[in-house]
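Need coordinates for the below:
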Amino acid sequence: MRTSFKIGTIIGIPVKLHITFLLILPVFAFVFATTEPPLGFAGTSSEFMVYVLSFITTILLFACIILHEAGHSYIAKGFGVEIKDITLLLFGGVSSMEEIPRIPSQELKMAFAGPFVSFVIGVTLLAFNVVLSSYVAGYPDTSIFLMLNILGSINIVLGLFNLLPAFPMDGGRLLRAWYAKRMSYVKATHYAAYFGKMFAFLMGIIGLFFNPWLILIAFFVYIGASEEDRSTTITVLLEKYSVRQIMTSDVVSVSPGISVEELSKFMFEKKHLGYPVIEGNSLKGIVTFTDIRNILPHERYAKIVSDIMTRDIISVSPQDTASEAFKVMTRNNIGRVLVMDKGELAGILSRSDLMRAMMLLNE
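Below you'll find the predicted structure:
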């Protein structure tokens, strides 16, 4: 099932809408409609027009968020980083980047670009309101004035909020860039993530007494800091090793002609959850426990492996770094990849292999 849908393109980057975003649209529109001026439209017009204005303001607000993410992406593209897409999610927007630059000056510029765009939008809209208020009679009492005031104010707040020194906000990346000029990238990430976790803890304590929403934001920040710390450590450590050093070269395969029931018993016996499918000397595909799980138990006798296997094979080379293999798995949301050398199957690499290597390397 598709969870994201393309709605356009900006600076050559696809812009997608995640289905969770549809949940937040009516919430924001309701907040704007029930909040009194200067940050809402309550009581300014008929109930129908209030909700129309609130919905339009919500759409424009998230257009500003897209521009915020486009600011990051524009600078990142200048440093040669590949941007897969910009996606609007429940909690805002995110740029899907191949990899964050590790040169401190580059990460600093890229991280600050988003808040800078938000500040420019916010100051421009508020200044435009001031100018029109001076030259257009009765302008401060119009809905356009309120709309620009709301959008301008929120963009300023958005820029400031993203400068908080905690992952996954931009301020966390700015803090890491500052640390990275003085120590290793991994250690800089540890320090920045630790600071972010402490910040989240304090925010959660404050939320208990003043605003429950702060608890939700604190949870989001804590998880983001932990995930950034973990993924960076894994990526940097695995860069030192090749796929050949970690992969399983003694590959156990299955035939495309055996039944799914036979395959499930084979998996139980061998204790592995994924196998290449080979007929003769020809690689036909890969089959995993997930493929079996999608078949009802009473249908497993009638279906064979070739009916359920994945024919579009995702592979890596033995010469690739283990870090590159990890990115391939993460990007494609899969648990293992086949290792191909000059068109021949050389091995198989799973997430378990990578995690086992990580445990040994950390000893």
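
what's the domain layout of this structure?
The chain breaks down into these domains under automatic domain parsing: 1-163, 165-238, 243-361.

Now render these as CSV, adding mean neighbour count.
C-beta coordinates here come from the backbone N, C-alpha and C atoms, glycine included. Shown next, in CSV, are the domains of the chain (neighbours: other CB atoms under 10 Å):
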stretch, mean neighbour count
domain 1-163, 17
domain 165-238, 18
domain 243-361, 16
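
could I get these as a markdown table with mean pLDDT?
As requested, the domains of the chain are exported to a markdown table (pLDDT from 0 to 100):
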| stretch | mean pLDDT |
| --- | --- |
| domain 1-163 | 86 |
| domain 165-238 | 87 |
| domain 243-361 | 86 |
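
Is it correct that V316 is in contact with G347?
No - contact criterion CB atoms under 8 Å: V316 and G347 do not qualify, at 9.7 Å.

Identify the contacts common to the two.
The contact sets of V316 and G347 overlap at 243, 338-339 (CB atoms under 8 Å, 6 or more residues apart in numbering).

Among these, which one lies nearest to G93?
Distance to G93, by CB to CB, is smallest for V243 among the shared contacts of V316 and G347, at 33.7 Å.

which one of the shared contacts of V316 and G347 sits closest to I217?
Taking CB to CB as the measure, I217 lies nearest V243 of the shared contacts of V316 and G347, at 39.4 Å.

mind listing what the closest one touches?
V243 makes contact with 316-322, 324-325, 339, 347, 349, according to CB under 8 Å, 6+ apart.

next one: A166
Contact partners of A166, counting by CB under 8 Å, 6+ apart, are 172, 195-197, 199-200, 221, 224-225.

Of those residues, which pair is most distant in space?
Greatest spacing in the contacts of A166, by CB to CB: F195 and G224 (12.6 Å).

List the residues that are in contact with both of these two.
Here F195 and G224 have 166, 172 as joint contacts, going by CB under 8 Å, 6+ apart.

Name the nearest residue to R244, sequence neighbours excluded.
Ranked by CB to CB, 6 or more residues apart in numbering and with sequence neighbours excluded, the top spatial neighbour of R244 is P318, at 3.9 Å.
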